[in-house]
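Chemist: how would this look folded up:
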Amino acid sequence: MADAKISIESIKKLKELSGAGLTDAKKALVEAKGDFDKALEAMRKKGLTKAEKRGDRETREGLVESYIHDGRLGAIVEVNCETSFVAKTDEFKTLAHQIAMQIASMNPLYVSENDIPEKDRKAKIKELEANFKGPENMKEQIIEGQVKKAFSDKVLMNQPYILDDSKTVEQFIKEAIAKTGENITIRQFKRIELGVTE
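Modeler: Coordinates of the predicted model:
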């Protein structure tokens, strides 16, 4: 009886958004009793698991994309994928453009936490230790959390995604990985603002 309530349009839409097959999309909708949002969330979680498995595959293709805002600031970014076929799709070009917009808007300094220079991390730890006023037995744990927080808005992958702040840039990329079936990475970027030098 539940199947009768689920339209083929809903199944197709869920398939498209999640990157899953028709059977999986229908199953998710049946399990969610026809609740599209619940089904999409369940498919997202499954898709992200698949995305993580793809995360170690090499990305040698891709494109360089730019975004200029009002002639006053802009960003250029290299986004990589596994095949030239995916790199040439409109979806991939749109993704790269949205990442360039994110960089222009949010001004990150690093792609991921691994890119934070050790000297900067150590300097921040030293500063936080000097001002620490919490319980001694929790000091290391608290300072680690404070260091992560201090750099979070400077790390592209940790930033809230500007077009949907319910997810991070990393989650947005993982969703794209689930849809394309390919690993996607951001190799490098540069942001330029009129009259501002580093």
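
Chemist: give the residue spans of the protein that score low on pLDDT.
Modeler: The chain contains residues with pLDDT under 70 at 1-5, 16-21, 44-57, 198.

Chemist: outline the domain layout of the chain.
Modeler: According to automatic domain parsing, the chain comprises the domains 2-54, 61-111+154-193, 117-152.

Chemist: can you map out the strands along the chain?
Modeler: Secondary structure of the chain, counting by DSSP state E: strands at 61-69, 73-81, 160-161, 164-168, 185-193.

Chemist: a markdown table for the domains of the chain, including mean neighbour count?
Modeler: Bear in mind the C-beta positions are built from the backbone N, C-alpha and C, glycine included. A markdown table is the format used below for the domains of the chain (neighbours: other C-beta atoms under 10 Å):
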| stretch | mean neighbour count |
| --- | --- |
| domain 2-54 | 16 |
| domain 61-111+154-193 | 18 |
| domain 117-152 | 12 |
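
Chemist: as JSON lines, the strands of the chain with distance to residue 130 would be great.
Modeler: Converted to JSON lines, these look like this (distance: least, C-beta to C-beta, whole Å):
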{"stretch": "strand 61-69", "distance to residue 130": "39"}
{"stretch": "strand 73-81", "distance to residue 130": "35"}
{"stretch": "strand 160-161", "distance to residue 130": "30"}
{"stretch": "strand 164-168", "distance to residue 130": "30"}
{"stretch": "strand 185-193", "distance to residue 130": "31"}
